[in-house]
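S.K.: Fold the following for me, if possible:
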Amino acid sequence: MSNYIYSVKQGTSINRWQRSTLQKQKVASKASCIDAPVNMTEGYQEVEYPIRTNFLRELSEVPYPRKQVFSEVYDGFENPRVDFSTFQATPQKVSTYLRAQLRCQENQTVECALVTCGRAILWINGKLLIDFHPYTRNHGTKTTVNLPLEQGDNELIVYMDDLAERDVNFFVELKILSNHHFQVVLPLSYDDSILQQAEDFLNGLYFEKDFYSKGEVSICSDYDYFEKVFVTYEEVTFTEEVGGNITDFRRESQFLPLNNQRISLGDVEDIPTSGLTHLFVGVLLPDQTYLFKKFVFTVYNEEKLARHLGGNLEERKTTALTIFSKLAIQDMNSALAEIHLTGSLSEECWEKLQPAFRMIEERGDCADFMFAPLLGFWLGKKEQLPEKLRRKLKDLALHFRYWIDEPGNDVMWYFSENHSLLFHTCQYFAGCLLPEETFVTSGRQGSQQYDLGKQRLLQWFEQFEHYGFSEWNSTTYLPIDLIGFFSLYTNAPDEEIRDAAKKALDFTFTIMAVNSHGGTLSSTFGRTYEHDLKAMRLGELSNILAIAWDRGNFNYALRASTLFCLSDYVPPKECLSLIDLQPKEELTVTYLQGINQVQTYLYKCREYSLASGIDYHCFEKGHQQHMMNVSLGSDGTQLWINNPGEFMHSGENRPSYWAGNGRMPCIKQFKNVLCMKYNLSKAYVPFIHMYVPYWNLDQVDMDDSNWLFIKKDQSFLGVYFSQGYKMQQSGETRGRDIVSEGIDHTVLVKCGSRNEFSTFESFITAVKKAKMTDESFDDSQFGLFVWNEIDHLASYQVMPVVKMKEGAEHEET
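M.R.: Residues are numbered from 1 along each chain as shown. Purely as a prediction, here's the structure:
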């Protein structure tokens, strides 16, 4: 027996505990309807589902846990919260208990901030202190609690729970507010030095880079404390039973040796992946439990994926379909490709469909993403569809819930533009296919479902034609919208629906062409995630660019890609000229999107692109908006600046560490110059930071002038931080995380290229000579900018201007 002891003081949080086994149980309620408007913005919308109303109505008292077993250690590492955030496609109650001994030298009352989204009950020395249960879904609510601590050891027990409806920010934070300090004691059945070594070891692990295209993939270690570690690609908190059609290549968990302070995961060709891959490295402790830490990396197997699909669009579609059909993955789109090519339903193909069937049967969140293309495929094939599959789809169709006016107790999300489009498409297709049948959930005839679905789709397209995408340019959600557009364009029985889908496809492909750089979408995004930003070459839009124009990165993102290949859709001819800029051409475009009228601005040339959202919700609380982006070089190396929404480096919150903004910036841009300001007086995380993927860069110059300079191929970048900056030198973000601390920030971003500045050194000299204030910048190319005098005129029309680049005086060599 020994004690693991650490100190806490004012401004820090208790983030190492003993904990019980994580619990989850399904939650059900009476099936009922919902009445709420569709969210036409990119921000978060709170809708209280009947299942939550019932859950809150039936809250019960939680007794003091006299016999609770605290079998594991929780370590938050860089995260001050106790955080088990997860995604559950069906409603689940998640819960656990925490325990710690608080050791004081004298009696004291410690003031703390208690924050949770769900419920937190605290007992001190066996006495109930507080039962705090805001249940403000995914929005932390804070209260103040006083811990009455006596001299010696005080037992603090915390019960935490929440209702998981899809994504759930399941956390508790206990932060010390008063000027007190004490020790936290965790009793262990083994020597405490082992736990300390495990923590240090996991904190000292890192990938040399986030992106691997060939060779060995290995985790590096600062320490050699352990001979072998456990590596798992499965979630170590809450598992998700319901599958779906999100391509996922499974890997077995492994015990791996540590050799020369490296843990080899294998070669790129041995690691199948469909995007950003997360894994957990675990150290086995003497009590046979594990201490885990999460890490992320990306594999893009260039030898296998970087290929020429064909000389024309039809060849590329056929080649892609053939590849998709042969993938050994549990993905319904691979099955659709096989059925289309062979006309038959093999046993392997049938198995590929099972996760989607389960998702639809259980009404798991995102079931509409799967059901719309399945119903469209049936409608397109009619009697040619294998009978076994037709019977299954009919049964699913008659029992599905198509909208919130039909009774249900699921937690499928209906209230965003992509989900509403897909649900209306499902209803429209199902009603058309089964006009004489009675649908179980609604009690309607199929013909009524068809009429309702058609009416709702026409209303959706009317809104879309006026405002465009609310989740603007989103690498995450444009592919989901494309599922609906392709399904309707190919299979809708009504010409006006097909025409509306065709116009939407043309608009979307124009958006993609305008914003593409280096084979992927490089822009500002209405909503994004870490896995999109760090794994752009494995994103679905990169795949569609490869199929459409042979200008992207072919990969195994299958959802919209498969439907594109199954269709006869041909993108607008003029799009290619918006991608293939000539050596001294530039493209500038600014346009409004969404009912909130975000003004997006993009400037790009062959060497780089710079994009932003202009003066949008300045200094307000943010969500998943990606407000500025830089792309350098022919491979589209992505860099960006944001204010993190949480401290955990690869957490599940929205906004997260890398994706979105805790507090929104205020941005002005003119061509290749951008000025952004942050006020973090109300921010949860008190710094801004920049993602710098050094493994893809030729040169990174840091000096004492607050300027950071970067060279990539023939592209140059300068970034000025008014509060200075420092590169993270430890932990998994080392070498790639530029942090600038402080409350008020002014950041200036300037791009350039060899044909504008001849050399990297002359670019640096020109930029550093420029006179700069908070209000203005005297640019060497374009003259004096007074930021508040820049008038950005924009409409909802996407009208890119391509012309010769100003200042392009130096010849290409």
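S.K.: Count residues in the vicinity of E348, would you?
M.R.: 11 (other Cβ atoms under 10 Å). Where you see a C-beta, it was placed from the backbone N, CA and C, and this is true even at glycine.
S.K.: Summarise which helices and strands the one helix or strand it maps to is packed against.
M.R.: Using DSSP states H and E, E348 sits within helix 347-361. Identification of packing neighbours for helix 347-361 by 3 or more Cβ pairs under 8 Å, 6 or more residues apart in numbering; DSSP states H and E yields helix 332-342, helix 367-381, helix 387-399.
S.K.: To N301, which of those helices lies closest?
M.R.: The closest approach between N301 and any of the helices and strands packed on helix 347-361, judged by Cβ to Cβ, belongs to helix 332-342 at 17.5 Å.
S.K.: Give me the packing partners of that closest one, helices and strands only.
M.R.: helix 313-325, helix 347-361, helix 367-381, helix 559-566.
S.K.: What's the mean pLDDT across whatever helix or strand comes next after the shortest one?
M.R.: Spelled out, that is helix 559-566. Past helix 559-566, further along toward the C-terminus, the next helix or strand under DSSP H and E is helix 575-579. Confidence over helix 575-579 (mean pLDDT, whole number) is 96.
S.K.: ok, now stretch 795-805?
M.R.: In this model, stretch 795-805 has an average pLDDT of 93.
S.K.: And the contacts of that stretch?
M.R.: Under the contact criterion Cβ atoms under 8 Å, 6 or more residues apart in numbering, stretch 795-805 has outside partners 466-468, 507, 510-511, 514, 577-578, 581, 584-589, 591-593, 605, 755-756.
S.K.: ok, back up a step: minimum distance to S178: which of the helices and strands packed on helix 347-361 has it?
M.R.: Among those, helix 367-381 comes nearest to S178, with 48.9 Å by Cβ to Cβ.
S.K.: What ranges does the stretch 501-650 of the chain have for its strands?
M.R.: For the stretch 501-650 of the chain, the strands identified by DSSP state E, counting those that start in this stretch occupy 516-517, 520-521, 585-593, 598-605, 608-614, 628-632, 637-642, in order along the chain.
S.K.: and the ones you listed, which is most packed in?
M.R.: When neighbours are counted by mean count of other Cβ atoms under 10 Å, the highest per-stretch mean among the strands of the stretch 501-650 of the chain falls to strand 520-521, a mean of 30.
S.K.: starting at the chain centroid, how far to that strand?
M.R.: Averaging C-alpha coordinates over strand 520-521 and over its chain gives two centres that are 16 Å apart (Cα atoms, centre = their mean, to the nearest Å).
S.K.: Direction included, what does that strand pair up with?
M.R.: Listed by DSSP bridges, the sheet partners of strand 520-521 and their directions read strand 516-517 (antiparallel).
S.K.: any idea of the mean pLDDT for the partner strand?
M.R.: Looking at strand 516-517 alone, the average pLDDT works out to 97.
S.K.: how does the chain divide into domains?
M.R.: Residue ranges for the structural domains of the chain, counted by automatic domain parsing, are given in the record as 2-189, 196-302, 311-579, 585-804.
S.K.: Any idea how far the first one is from the middle of the chain?
M.R.: Chain-centre distance of domain 2-189: 24 Å, with Cα atoms, centre = their mean.
S.K.: what about that domain, average pLDDT?
M.R.: When the per-residue pLDDT values of domain 2-189 are averaged, the result is 96.
S.K.: Report the central residue of this protein.
M.R.: Y529 (1.8 Å; Cα atoms, centre = their mean).
S.K.: The residue nearest to that residue when sequence neighbours are not counted: what's it in contact with?
M.R.: Beyond its immediate neighbours in the sequence, the residue positioned closest to Y529 (Cβ to Cβ, 6 or more residues apart in numbering) is A659, lying 5.1 Å away. A659 is in contact with 528-530, 532-533, 624, 626, 642, counting by Cβ under 8 Å, 6+ apart.
S.K.: next one: L276
M.R.: Under the criterion of Cβ under 8 Å, 6+ apart, the neighbours of L276 are 296-298, 530-531, 534-535, 538.
S.K.: try H617
M.R.: For H617, counting by Cβ under 8 Å, 6+ apart, the contacting residues are 625, 664.
S.K.: Count the residues that sit near V281.
M.R.: V281 is surrounded by 21 other residues when neighbours are defined as other Cβ under 10 Å.
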